[in-house]
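A.B. asks: have a look at this prediction, sequence included:
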Amino acid sequence: KDPTLILTEQHPSNDPLYTSTIIQQTITAWLTKELTNDPTLRFGGVGISNNFLPGSCSCATIKGAVTPLGGVTYPLAIYTRLSKEDEDKYKTESESIQNQKSLLIHYAVERGWDIYHIYCDEDYSGADSLRPDFNRMIRAAQEKKFQILLCKSQSRFTRDMELVEKYIHGLFPIWGIRFIAVADNADTEIKGNKKARQINGLINEWYLEDLSENIRMVFDMKRRQGQYIGGFPIYGYRKDPDNKGHLLVDPEAAEVVRQIFRWSLEGHGKQSIAHMLNDLGVVNPTRYKAERGWDSNHFCKQDFGLWNKNTVWRILRNEIYTGVMVQGRTKKASYKSKAIIVMPRDRWFRVEGTHEAIIDRETFETVQRNLDIRSREDGTGMVHPLAGLVKCMDCGSTMSKTSNGKKGKAQVYYLRCKLYADSGT
């Protein structure tokens with residue numbers, strides 16, 4: 001009956017779904033109190049009875065549904081996660097982020113628990129310990145910002161058994177955090193529940209291990225067939241819209257690649273080539289893709305699209321430009337680690353004739369021989385004709401050019417044995 005009563009502000013969790021749910025619960029609670037005139041009922045949470053005034057009600061002060069007078073509410077955090085492997089496993093929408101939130105919000109509201117924050121990581125593996133919201137949640141738990149952590153299932157929190165033991169069974173009890181996984185009936189407050197959580201942890205990790213192995217086998221099969229499995233094509237090519245595993249030449253970028261090889265044949269070093277490209281206003285590969293709206297796995301820094309010697313070196317060394325598909329040069333140490341292992345050449349996947357060549361074989365091999373002598377530029381940007389050819393008379397190692405470290409007229413250059421220099425003798 002009061003037209004000045006309004007509900008406008010969003011809950012601090014910043015989740016519209018929770019705001020909508022809690023408004024419905026609050027209106028129901030208010031009507032119940034007004035109609036029953038029961039003094040033993042109040043709005044859940046500390047201070048709500050003092051703030052629920054005409055024209056001043058805010059969802060920021062609404063803590064939950066109706067609870068008995070003097071009842072206790074608990075601040076909790078909700079954590080949701082969905083990754084690509086889960087999307088493949090669950091074809092329905094039951095595991096979607098929105099449905100996880102809906103289930104957990106209603107679970108919390110029914111019990112009159114205050115939702116401190118809703119954390120969400122989408123497109124992150126359950127074995128990834130570097131999930132951004134996961135780590136924000138862990139920091140908040142350590143600072144004791146909440147007392148309960150609510151997930152749909154234990155696998156949403158993590159699929160890594162090490163993280164289960166570290167947090168759920170190790171640090172959470174120390175920090176006073178109660179962990180609840182609704183679908184698994186897992187609750188650290190219930191004694192005798194630990195073995196079930198450990199079994200769930202093992203099953204979740206086995207699933208992730210099997211999935212990782214199956215994906216690796218499929219990728220290796222595609223590599224053997226000469227299909228390009230990278231998420232983004234290398235500079236000079238674009239993906240065939242009719243066959244994502246096939247590369248097509250990108251004419252504009254391909255011409256830049258050809259010019260880089262021509263300059264290398266003329267004796268220009270990597271740094272010199274980078275300077276010439278920058279002088280001509282040619283943008284580097286990352287900027288080139290960004291300007292065309294292509295997806296890229298590299299962060300486009302504010303470097304004005306400048307080339308550097310490392311980018312030039314990668315292009316000059318890449319055999320893919322000869323029409324040969326070369327993949328598998330590196331691999332992840334394990335499905336639980338982001339560490340990269342460099343694979344020996346005899347374990348690479350190399351298939352010839354999979355796509356049109358930009359650089360002919362003779363040109364590529366000549367450039368490789370020039371690079372193999374580990375040439376260095378002199379002050380002019382050109383490679384000295386004797387670079388890499390002067391050898392130590394004692395051990396046969398290549399002599400390298402160095403200076404006495406002084407500047408101006410006092411600076412003196414000389415050659416020293418690289419082996420002796422590296423060994424400190």
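C.D. replies: It's in.
A.B. asks: which residue ranges of the stretch 151-300 of the chain form strands?
C.D. replies: Counting by DSSP state E, counting those that start in this stretch, the stretch 151-300 of the chain has strands at residues 178-181, 186-187, 237-240, 243-249.
A.B. asks: check those strands for me and report the most buried one.
C.D. replies: strand 178-181 (a mean of 21; mean count of other C-beta atoms under 10 Å). Every C-beta, even on glycine, is put in place using the N, C-alpha and C of the backbone.
A.B. asks: given that strand, what are its sheet partners and their directions?
C.D. replies: strand 148-151 (parallel), strand 186-187 (antiparallel) (DSSP bridges).
A.B. asks: need the contact list for Leu103.
C.D. replies: Listed by C-beta atoms under 8 Å, 6 or more residues apart in numbering, the contact partners of Leu103 are 152, 182.
A.B. asks: ok, which stretches of the stretch 151-300 of the chain are helices?
C.D. replies: Ranges of helices within the stretch 151-300 of the chain are 154-157, 161-163, 172-175, 194-224, 251-265, 270-279, 285-291, based on DSSP state H, counting those that start in this stretch.
A.B. asks: re earlier: can I get the strands paired with strand 178-181 in JSON lines with mean pLDDT and distance to Thr363?
C.D. replies: Shown next, in JSON lines, are those (pLDDT from 0 to 100; distance: least, C-beta to C-beta, whole Å):
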{"stretch": "strand 148-151", "mean pLDDT": "93", "distance to Thr363": "57"}
{"stretch": "strand 186-187", "mean pLDDT": "86", "distance to Thr363": "62"}
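A.B. asks: what's the closest of those to Glu213?
C.D. replies: strand 148-151 (26.1 Å; C-beta to C-beta).
A.B. asks: quick one: contacts of that closest one?
C.D. replies: Under the contact criterion C-beta under 8 Å, 6+ apart, strand 148-151 has outside partners 74-80, 104, 107-108, 113, 137, 141, 157, 172, 177-182.
A.B. asks: repeat that for 7 Å
C.D. replies: 74, 76-79, 104, 107-108, 113, 141, 157, 177-181 (C-beta atoms under 7 Å, 6 or more residues apart in numbering).
A.B. asks: counting neighbours, which of those comes out on top?
C.D. replies: Ile78 (28 neighbours; other C-beta atoms under 10 Å).
A.B. asks: that older thread, so which of the strands paired with strand 178-181 is nearest Val257?
C.D. replies: Closest approach to Val257 among the strands paired with strand 178-181 (C-beta to C-beta): strand 148-151, 49.1 Å.
A.B. asks: could you dump that closest one to PDB, C-alpha only?
C.D. replies: Listed next in PDB are the C-alpha coordinates belonging to strand 148-151 (Å, rounded to 0.1, in the frame of the first residue of the first chain):
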ATOM      1  CA  ILE A 148      31.000 -20.900   3.400                       C
ATOM      2  CA  LEU A 149      32.100 -21.700  -0.200                       C
ATOM      3  CA  LEU A 150      29.300 -23.100  -2.300                       C
ATOM      4  CA  CYS A 151      29.800 -25.000  -5.600                       C
END
